[in-house]
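# Give me the fold of what follows.
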Amino acid sequence: MKRDMMKWVDDILAAERKKGFLVLSFPAIQKMGITVKELIASSDLQAQAMKIVADSTPEAAAAVSMMDLSLEAEAFGSTVHFSDDEVPTVTGSIVNSEEDAEALKVPEIGAGRTQIYIDAIEKSVKLIEDRPVFAGVIGPFSLAGRLMDVSEAMIYCYDEPDMVHTVLEKVSDFLIKYINAYKAVGANGVLMAEPLAGLLSPALEEEFSCDYVKKIVAATQTDDFLIGYHNCGNCTIQQINSIVENGCRMLHFGNAIDMSEMMPKIPENIIAMGNIDPAGQFRNGTPESVKAATKELLEKCGSYKNFVISSGCDIPPLSSWDNIQAFFDGINEYYAGK
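Next comes the predicted model:
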């Protein structure tokens, strides 16, 4: 369903009571009796999973598809490790020199599993009409890092900056086309995950991430298609001056930071989301601990009109659905007490 997503942002900012926003898809495998490996191989199963999640979380602000950060690297030719109960991960590297960077081919949209995920969103938007539907994509530096090896990419920023920029130009061109493919099939937006950038110094983040995020946002975001930015790194507070200039009106932060320190730095016209620990609480916590963490964070940040409580990152596949429900129960109890 087509929506005015800038109005959606404005409506959230104006609302006295904010809905929770969860990066939630993979735990649907428990309700479906399937594995992660099966889920990521089928657009039909992914669409069913998103519908199951939406039906199971009627108080959620949006639906978010699979945050599979191996997908785009695989399309470029990277090797991916698959598991029955964990999200896929990239192994090894395919860019180890300037020559590799120059020779790197930008894949067509549909390469690897990308068409499966695009088709899944096309099917999902027909099943979910009560809230916006976001696709999940990786950010430019995080994709470049997976092609070059995450650890090496950090070193290359100092030792081989031209090589890094060569790769970033290519991955950004791909991501623009990829994101626009999601727009073409009816997605209301994407959540762009740029976690690797959260480990950079502010100057390096601006040069090797923010400038490319800006380029991607400018080429894809419209009134009816919103780009959300996710960064779960531990340096985001130091980087925030450039992050708030990247063009996104929805910023999503991980549990490595204190949201109460972040919120005063966010302009009032930008939504800031975060940051209940996905592994520590949703995967390994209890309903009581999740509810307590949710209420505690709302007590700290709920007075900010642009704060929306969320998971700090993608919720792991084997997370308890009782814990997920406890998150929404905590929100309800917080507002009931006001």
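# List the buried residues for stretch 172-183?
Counting neighbours by 16 or more other CB atoms under 10 Å, one finds that the buried residues in stretch 172-183 are 172, 174, 175, 176, 177, 178, 179, 181, 182, 183. Where C-beta positions appear, they are placed from N, C-alpha and C, glycine not excepted.
# how about the helices in the stretch 151-300 of the chain?
161-184, 202-205, 211-220, 236-243, 259-262, 287-301 (DSSP state H, counting those that start in this stretch).
# so for the last one, what's the average pLDDT?
This predicted structure assigns helix 287-301 an average pLDDT of 98.
# Can you name every helix or strand that it contacts?
Packed against helix 287-301, as judged by 3 or more CB pairs under 8 Å, 6 or more residues apart in numbering; DSSP states H and E, are the following elements: helix 259-262, strand 271-276, strand 307-311, helix 321-336.
# For residue 48, which of these is the nearest?
Distances from residue 48 to each of the helices and strands packed on helix 287-301 were compared using CB to CB; the shortest belongs to helix 321-336, at 16.2 Å.
# Could you save the helices and strands packed on helix 287-301 as a markdown table and add columns showing distance to residue 125?
Output for the helices and strands packed on helix 287-301, formatted as a markdown table (distance: least, CB to CB, whole Å):
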| stretch | distance to residue 125 |
| --- | --- |
| helix 259-262 | 30 |
| strand 271-276 | 21 |
| strand 307-311 | 21 |
| helix 321-336 | 23 |
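# Dump those into TSV; add mean neighbour count as well.
TSV is the format used below for the helices and strands packed on helix 287-301 (neighbours: other CB atoms under 10 Å):
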stretch	mean neighbour count
helix 259-262	17
strand 271-276	26
strand 307-311	26
helix 321-336	18
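# Compile the ones you listed into CSV and extend it with columns for mean pLDDT.
Listed next are the helices and strands packed on helix 287-301 as CSV, based on pLDDT from 0 to 100:
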stretch, mean pLDDT
helix 259-262, 98
strand 271-276, 98
strand 307-311, 98
helix 321-336, 98
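# Any idea which of those gets closest to residue 288?
Between residue 288 and the helices and strands packed on helix 287-301, the shortest gap by CB to CB is with helix 321-336, which sits at 7.4 Å.
# Show residues contacting the closest one.
With contact meaning CB atoms under 8 Å, 6 or more residues apart in numbering, helix 321-336 is reached by 17, 19-20, 22, 24, 27, 30-31, 56-57, 59-60, 276, 281-283, 285-288, 290-295, 298-299, 302, 309, 311, 315.
# buried subset of those residues?
19-20, 22, 24, 27, 57, 60, 276, 281-283, 285, 287, 290-291, 293-295, 298, 302, 309, 311, 315.
# wouldn't residue 285 be in contact with residue 293 here?
Yes - with contacts defined as CB atoms under 8 Å, residue 285 counts as touching residue 293 at a distance of 7.4 Å.
# Now the common contact residues for these two.
With CB under 8 Å, 6+ apart, residue 285 and residue 293 have common neighbours residue 277.
# Relative to residue 60, how far out is residue 314?
14 Å (CB to CB, to the nearest Å).
# same thing with residue 265?
Using CB to CB, residue 265 is found at 26 Å from residue 60.
# what do you get for residue 72?
In terms of CB to CB, residue 72 sits 26 Å off from residue 60.
# do residue 294 as well
Distance check for residue 294 against residue 60: by CB to CB, it reads 13 Å.
# Now do the shared contacts for these two.
Between them, residue 294 and residue 60 have residue 20 as joint contacts when contacts are counted by CB under 8 Å, 6+ apart.
# Which parts of the stretch 1-150 of the chain are helices?
5-14, 28-32, 36-39, 43-56, 71-76, 98-103, 114-127, 140-148, 150-159.
# Just send those helices back as CSV, with mean pLDDT too.
Putting those into CSV (pLDDT from 0 to 100) gives the following:
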stretch, mean pLDDT
helix 5-14, 98
helix 28-32, 98
helix 36-39, 98
helix 43-56, 98
helix 71-76, 98
helix 98-103, 98
helix 114-127, 98
helix 140-148, 98
helix 150-159, 95
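# quick one: which of those is nearest residue 134?
If we rank those by CB to CB, the stretch that ends up nearest is helix 114-127, at 8.9 Å.
# Of all the residues in that closest one, which ones are buried?
In helix 114-127, counting by 16+ other CB under 10 Å, buried: 114, 116, 117, 118, 119, 120, 121, 122, 123, 124, 125.
# Likewise for stretch 197-207?
Going by 16+ other CB under 10 Å, stretch 197-207 has these buried residues: 197, 198, 199, 200, 202, 204, 205, 206, 207.
# Check the offset of that stretch from the chain's centre.
Here the centre of stretch 197-207 is set off from its chain's centre by 18 Å, with CA atoms, centre = their mean, to the nearest Å.
# ok, and what's touching that stretch?
With CB under 8 Å, 6+ apart as the test, stretch 197-207 has contacts from 139, 141-142, 154, 157, 161, 208-210, 231-236, 238-239, 241-243, 254, 256.
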